[in-house]
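Trainee: Just need the structure, nothing else, for what follows:
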Amino acid sequence: MTERTAVVAAFIHRLMIQFAGMLIAVVEAAPGAVLQGRTLVKLAVFNELVRNERQFGVGPMTADPSHLTTCRTRLHMQRSEHRRIVAGGILIGLIAGAVCGQPRAAEAPAAAGWRSLFDGERLGDWRVTAFGGEGEVEVVEGAIRIGMGADLSGITWQGEFPEQSYEIALEARRVDGNDFFCGLTFPVGDDACSLILGGWGGAVTGLSSIDGHDAADNGTTQVRAYETNQWYDVVVRVTPERIECFLDGEPIIDQPLAGHRLSIRAEVEPARPLGISTYATTGEVRRIRWRPLADEAGGIVGRK
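Mentor: Predicted coordinates:
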């Protein structure tokens, strides 16, 4: 880049910051703004940090958890600057939310045939997962509360569960913290996979792992806003052909299995074959249930 080009680029950048600052003021002045301005700021800042990682090598996409502190420090120090840079994207998000606010029709699973994995009173066949440094697990007002740990906390199912051709559903919410409040690890034949909700600073959603790439860096990766203390309905459907995931009735992931390798991150291994975990976050889960899927002949497949 020539010196003259650099000067022009810097001038344009400054104009963008000034214009974006006015947009921020407009967004935050509207208390009923679609999708909530401050939430969109956080999502846009995350995207900006991802861009920074590609440039500087540190950010929320970095697989090494030790870099997370660096990411959060940078987020705190650069928040004011980033808020202005990404405000244009926020405005677009508000417009898109207003235009496309109605959820699309989803082929959500039917209600029949579910089998409960939690009665709302006792842990039953759930056991605290021995991650090391995990938080307290208790039943609170009909939900399993997974307390914030040093890193991972969670529960693992000790009873029978199918390896293939089933649906599992639950409701989950973040109570405290800024990372994933639901890491649902589930069997897929002889392998396992994890659905992550709200990871890498609070917004990343996806499957860990596909072809060796975790939820922050594969074809299922997406950024979503999750509100604290709001319940989200989660359904995962596993068949020999694919993994499908639904959030509040909306299909969010449709991952074919042919030609792909499934795995989970090494630190999540204690959650196999079926587990629910959080990362440095207090989360709650309730209405945990599953049902087998019928094969073409009408029988039940995938049962242990």
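Trainee: Could you use CA atoms for every contact and neighbour count after this?
Mentor: Will do.
Trainee: show me where the stretch 201-304 of the chain has strands.
Mentor: All strands of the stretch 201-304 of the chain, identified by DSSP state E, counting those that start in this stretch, fall at 204-208, 222-223, 232-238, 242-247, 250-256, 275-279, 281-292.
Trainee: Okay, angle between the last one and strand 232-238 too, please.
Mentor: The reference is to strand 281-292. 40 degrees (axes from the mean of the first three to the mean of the last three Cα atoms, to 10 degrees).
Trainee: who's in contact with strand 281-292?
Mentor: 113-120, 142-149, 162, 165-182, 300-303 (Cα atoms under 8 Å, 6 or more residues apart in numbering).
Trainee: Filter those residues down to the buried ones.
Mentor: Buried by 16 or more other Cα atoms under 10 Å: 117-118, 120, 143-149, 162, 165-182, 301-302, out of the contacts of strand 281-292.
Trainee: that older thread, now the strands of the stretch 201-304 of the chain in JSON lines, with mean pLDDT, mean neighbour count and distance to residue 131?
Mentor: As requested, these are exported to JSON lines (pLDDT from 0 to 100; neighbours: other Cα atoms under 10 Å; distance: least, Cα to Cα, whole Å):
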{"stretch": "strand 204-208", "mean pLDDT": "98", "mean neighbour count": "27", "distance to residue 131": "17"}
{"stretch": "strand 222-223", "mean pLDDT": "98", "mean neighbour count": "18", "distance to residue 131": "27"}
{"stretch": "strand 232-238", "mean pLDDT": "98", "mean neighbour count": "21", "distance to residue 131": "24"}
{"stretch": "strand 242-247", "mean pLDDT": "98", "mean neighbour count": "19", "distance to residue 131": "26"}
{"stretch": "strand 250-256", "mean pLDDT": "98", "mean neighbour count": "16", "distance to residue 131": "27"}
{"stretch": "strand 275-279", "mean pLDDT": "98", "mean neighbour count": "28", "distance to residue 131": "10"}
{"stretch": "strand 281-292", "mean pLDDT": "98", "mean neighbour count": "23", "distance to residue 131": "14"}
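Trainee: Columns distance to residue 154 on top of these, output as TSV?
Mentor: Listed next are these as TSV, based on distance: least, Cα to Cα, whole Å:
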stretch	distance to residue 154
strand 204-208	16
strand 222-223	23
strand 232-238	17
strand 242-247	21
strand 250-256	23
strand 275-279	4
strand 281-292	9
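Trainee: do you know which of those strands lies nearest residue 193?
Mentor: Residue 193 sits nearest to strand 204-208 of all those, at 5.9 Å, using Cα to Cα.
Trainee: And the closest one, what does it pack against?
Mentor: strand 191-199, strand 222-223 (3 or more Cα pairs under 8 Å, 6 or more residues apart in numbering; DSSP states H and E).
Trainee: Show me the protein divided up by domain.
Mentor: As given by automatic domain parsing, the domain ranges for the chain are 3-99, 115-292.
Trainee: and the ones you listed, which one is worst for confidence?
Mentor: Ranked by mean pLDDT, those bottom out at domain 3-99, with a mean of 44.
Trainee: out of the buried ones among the contacts of strand 281-292, which are inside strands?
Mentor: Mapping the buried ones among the contacts of strand 281-292 onto strands (DSSP state E) picks out 143-146, 166-177, 182.
Trainee: can you give me the helices in this structure?
Mentor: Applying DSSP state H to the chain gives helices spanning 3-29, 37-56, 67-85, 87-99.
Trainee: coming back round to it: nearest to residue 194 among the strands of the stretch 201-304 of the chain would be which one?
Mentor: Of these, nearest to residue 194 by Cα to Cα is strand 204-208, at 5.0 Å.
Trainee: List the neighbouring strands of that closest one plus their orientation.
Mentor: strand 191-199 (antiparallel), strand 222-223 (antiparallel) (DSSP bridges).
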